[in-house]
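K.L.:
can you look at this prediction? I've put the sequence above it.
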Amino acid sequence: MKKKVAIIMGGYSSEYKISLTSGNVVYNYLDSTLFDAYRVHIFKNKWVYVDSNNKEYPINKDDFSITIENQHITFDCVFNAIHGSPGEDGLMQAYFKLLNIPQTSCDYYQSSLTFNKRDLLSVLKAYGIKSAESYYLNLGDVIDEDAIINKVKLPCFVKANKAGSSFGISKVHKKEDLQAAIKNAYKEDDEILIESFLDGTEVSVGVIKYKGETIVLPITEIVTENDFFDYQAKYEGKSTEITPARINDTQLKNVTTAAKKAYDILKMTGYSRSEFIFIGDEPYMLEMNTTPGLTTESILPQQAQKAGISLAELFKSAIEETLK
């Protein structure tokens, strides 16, 4: 008997359009001989199942079910394709945990931790995983520009602490541009992370559970036309993504070890995609994404295909791992 799978997409953040694209790719590639797939849009003002004619049916939040022509439908599994809140910050994971519905991303604690860049890097630092020099700000804090620059130097990056896909991030070259960058970051979050600039090769490393094993996918090198890997570079063609990355054997070994170590330390499940920059042969972690983009152009699906894993197999495996 086919399993009923709700593919949740959308979300509450600036990333909702990308999430809708990811969710529809999962919907289109999921093996229809094994699964009955349902597209579910999650927005602040509505949770709805959207059928093939774009007709909407409300989700009953009491048990995450739908009713179609007097038929009550519940789900065997949820495929999480929401980037940002509430799909990547632990809220949906905790909700499904309470309802005892399996879902494909990591658990609620891991989601919450990895979504908070400051907390993630602080935890992993204790295990020897390197990261950039940093300075923290919360909304309302006094902004001491001299103290910031003294600690992280220029240029530096100003980032929203809990936001993805390069929203709320700026590269600052001059002291007089710092205030505008901080204001931009506060549009996305009330916490800010200011980091020193790491001048080296940037790579993206996918780690997944696949057929019962934790595997590191072929690594992608990021070469951007812009000043850094911003939204345009990620989604509007202003970058080149080279898989496998043009790195030496020592770099490959070091970053593979670091990415898998982080995944295992955090007791991760599902997909993760971590970003690193090399200083010499040493990888410095920038962040970890636990619901990475799943469009046909996205990095993790490209890596999977380089590893000989089709999109249909990638998505099927995530559901099978979840249902074990």
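P.N.:
Now that the structure is in, tell me what you want to look at.

K.L.:
my guess is Thr291 contacts Phe79, does it?
P.N.:
No - with contact defined as C-beta atoms under 8 Å, Thr291 does not count as touching Phe79 (10.1 Å). For glycine as for every other residue, the C-beta is placed from the backbone atoms N, C-alpha and C.

K.L.:
Lys46 reaches Tyr57, doesn't it?
P.N.:
No - between Lys46 and Tyr57 there is no contact under C-beta under 8 Å: 10.7 Å.

K.L.:
the more surrounded of those two?
P.N.:
Tyr57 (16 against 11; other C-beta atoms under 10 Å).

K.L.:
in its sheet, what does the strand or helix carrying the more buried one sit against?
P.N.:
For Tyr57, the element it lies in under DSSP states H and E is strand 56-58. Looking at strand 56-58 with DSSP bridges, its partner strands are strand 47-50 (antiparallel).

K.L.:
what about the strand it pairs with, distance to the chain center?
P.N.:
23 Å (C-alpha atoms, centre = their mean, to the nearest Å).

K.L.:
ok, and what's touching that strand?
P.N.:
For strand 47-50, contacts defined as C-beta atoms under 8 Å, 6 or more residues apart in numbering pick out Ala6, Tyr38, Arg39, Val40, His41, Glu56, Tyr57, Pro58, Ile59, Lys61, Ile66, Ile68.

K.L.:
sort out which of the residues you listed are buried, if you could.
P.N.:
For these, a neighbour count by 16 or more other C-beta atoms under 10 Å gives the buried set as Ala6, Tyr38, Arg39, Val40, His41, Tyr57, Ile59, Ile66.

K.L.:
assumed the first one was part of a helix.
P.N.:
To tie it back to what came earlier, the one meant is Ala6. No - going by DSSP: H, G, I helix; E, B strand; the rest coil, the assignment for Ala6 is strand, not a helix.

K.L.:
distance of it relative to Phe96?
P.N.:
10 Å (C-beta to C-beta, to the nearest Å).

K.L.:
same check, this time on the second one
P.N.:
Tyr38 sits 15 Å away from Phe96, going by C-beta to C-beta.

K.L.:
walk me through the domains of this structure.
P.N.:
In terms of domains, the chain is parsed into 3-104, 113-130+199-323, 133-196 (source: automatic domain parsing).

K.L.:
any chance of those domains in CSV, with mean pLDDT too?
P.N.:
Output for those, formatted as CSV (pLDDT from 0 to 100):
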stretch, mean pLDDT
domain 3-104, 97
domain 113-130+199-323, 92
domain 133-196, 93
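
K.L.:
the strands in the stretch 201-324 of the chain, which residues?
P.N.:
202-210, 213-216, 220-224, 239-242, 271-279, 282-289 (DSSP state E, counting those that start in this stretch).

K.L.:
the residue nearest to Leu34 when sequence neighbours are not counted: what's it in contact with?
P.N.:
Excluding the flanking residues, the one nearest Leu34 by C-beta to C-beta, 6 or more residues apart in numbering is Lys2, at 6.2 Å. Counting by C-beta under 8 Å, 6+ apart, Lys2 touches Thr33, Leu34, Phe35, Asp36.

K.L.:
PyMOL command to pick out the buried ones of the residues you listed?
P.N.:
This is the PyMOL syntax for the buried subset of those, where burial follows 16+ other C-beta under 10 Å:
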select buried, resi 35
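
K.L.:
looking at the contacts of Lys2, which is nearest Ile299?
P.N.:
Nearest to Ile299 among the contacts of Lys2: Phe35, at 24.6 Å, using C-beta to C-beta.

K.L.:
this completes my enquiry, with thanks.
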